[in-house]
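A.B. asks: Fold the following.
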Amino acid sequence: MIARLRRFGRRRRAPIAVLGSLATAVVLVLLLAGRRHEFAAALSSAAVWVLVLTALLQVVALLARSEAWHLTIKAAGGTVGRRVLYRASSMQVLGGVLNAQVGVAARIAALRRSSPAGSPQVPTLVASEFPILAVEGLLAALASFTLVAPLGLPWWLPFVCLAVIGLAGAGLRRLAVRKGRELWSGLAVLRSLRGGTLVFNFVLVAVFAQIFRNWLLLHAVGVDASFFDAVAVLIALSTLMQLPVGPGVGAAAAVLILGGDGVAAAAAAGMLMTVTGTVGGLCFAGWAGADRLFSRSRPLGAGRGARMGTGERVQWAPAEN
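C.D. replies: From the prediction side, this is the model:
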């Protein structure tokens, strides 16, 4: 039954995403019924500089996570250039509007299409996501106590989450030392302390950039949120992004965690999270598109026959006298 449901989900991914987005929008509209003026006032109370800063923080988060991905692929034997990988990473922004899995698939497909010789095979690229997801899961487990009060969860649940994530991390470490299969090659970054530490640091930068972004937007609309509230919203946001919730994921996460303090203000903060996150992602994607056009239109140098960042190796010889 589970296999049939998965096949059905893959074949009907677009309709499911559309229906999920519409259902989320309907629920939010019902929650905001009679609170339209409060919602509009909360949206208009956010200063422009806050919106600009939060969009820039989203760009920082995307860059940090892209660099973590670059480290995992490089450890797996990939020779793709950093700029090519960053351009491929920008495709996740477009696909991620519908669903997180769609965004990851779009990023992997873009990398394979732009640099088939320098990038590893698809199983390795899929596995290269696991070290990043493991770090994000560990951070979420450490901060899962922030969900206990808002969601009424049992106090011991964070310890269970931490134990599960710890066991999963240990399992990934054991699989990383295995060789002979393309899938395990994607975990190669975990074989060295330096590689694992660098991935952890870049993911940490990405996570804290998003936490600070949430905190700024919550305060900008008048929600008296603490740092731990911003962490709880980020965990809820990351969890709901795995579902076909669509663009309403930010408002849904904020209302789920902080709706008790005011549905209108929480929904406004969540809506601004989605808007500024999308703007930051589009800025990143815009740079990627401009860089791609620049790389294609730039003429070859006299002594160098390769464009910077294409990932292709071109032989060249010094000019004869």
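
A.B. asks: For burial, what's the neighbour tally of the residue nearest to Phe227 when sequence neighbours are not counted?
C.D. replies: In space, Phe227 comes closest to Trp215 once its chain neighbours are excluded; the distance is 6.2 Å by CB to CB, 6 or more residues apart in numbering. Just so you know, the C-beta spots here come from the backbone N, C-alpha and C atoms, and that holds for glycine as well. Residues lying near Trp215 (other CB atoms under 10 Å) number 22.

A.B. asks: List the contacts of stretch 253-260.
C.D. replies: For stretch 253-260, contacts defined as CB atoms under 8 Å, 6 or more residues apart in numbering pick out 28, 31, 147, 150-151, 218, 223, 225, 229, 232-233, 236-237, 239-240, 263, 266-267, 269-270, 273.

A.B. asks: ignore the last one, stretch 60-67
C.D. replies: With CB under 8 Å, 6+ apart, stretch 60-67 has contacts from 85-86, 89-90, 93, 132, 202-203, 205-207, 209-210, 213, 280-281, 284.

A.B. asks: ok, Ala251 - contacts?
C.D. replies: Counting by CB under 8 Å, 6+ apart, Ala251 touches 28, 266-268, 270-271, 274.

A.B. asks: Can you name the residues that contact Met216?
C.D. replies: I think there's a mix-up here, since residue 216 is Leu and not Met. Applying CB under 8 Å, 6+ apart to Leu216 gives the contacts 50, 53-54, 57.

A.B. asks: how about 10 Å then?
C.D. replies: Going by CB atoms under 10 Å, 6 or more residues apart in numbering, Leu216 touches 46-47, 49-51, 53-54, 57, 225, 230, 269, 272-273, 276.

A.B. asks: got these as a markdown table, with neighbour count columns?
C.D. replies: As requested, the contacts of Leu216 are exported to a markdown table (neighbours: other CB atoms under 10 Å):
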| residue | neighbour count |
| --- | --- |
| Ala46 | 21 |
| Ala47 | 10 |
| Trp49 | 10 |
| Val50 | 18 |
| Leu51 | 17 |
| Leu53 | 17 |
| Thr54 | 26 |
| Leu57 | 23 |
| Ala225 | 25 |
| Ala230 | 24 |
| Ala269 | 32 |
| Leu272 | 26 |
| Met273 | 26 |
| Thr276 | 24 |
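
A.B. asks: Include pLDDT and secondary structure when you put the residues you listed into TSV, please.
C.D. replies: Below are those laid out as TSV (pLDDT from 0 to 100; DSSP: H, G, I helix; E, B strand; the rest coil):
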residue	pLDDT	secondary structure
Ala46	92	coil
Ala47	94	coil
Trp49	96	helix
Val50	96	helix
Leu51	95	helix
Leu53	97	helix
Thr54	96	helix
Leu57	96	helix
Ala225	90	coil
Ala230	95	helix
Ala269	94	helix
Leu272	94	helix
Met273	94	helix
Thr276	93	helix
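
A.B. asks: now, which of those residues sits nearest Gly248?
C.D. replies: Nearest to Gly248 among these, counting by CB to CB, is Met273 at 10.9 Å.

A.B. asks: what's the nearest residue to that closest one if we skip its chain neighbours?
C.D. replies: Nearest residue to Met273, sequence neighbours excluded (CB to CB, 6+ apart): Gly250, at 3.8 Å.

A.B. asks: re the thing from before, can you name the two of the contacts of Ala251 that are farthest apart?
C.D. replies: Going by CB to CB, the pair spanning the contacts of Ala251 furthest: Ala266 and Thr274, at 13.1 Å.

A.B. asks: And the helix or strand harbouring the residue nearest to Phe227, what's buried?
C.D. replies: Assigned by DSSP states H and E, Trp215 belongs to helix 193-220. Residues of helix 193-220 classed as buried: 195-196, 198-200, 202-203, 205-218, 220 (neighbour count, 16 or more other CB atoms under 10 Å).
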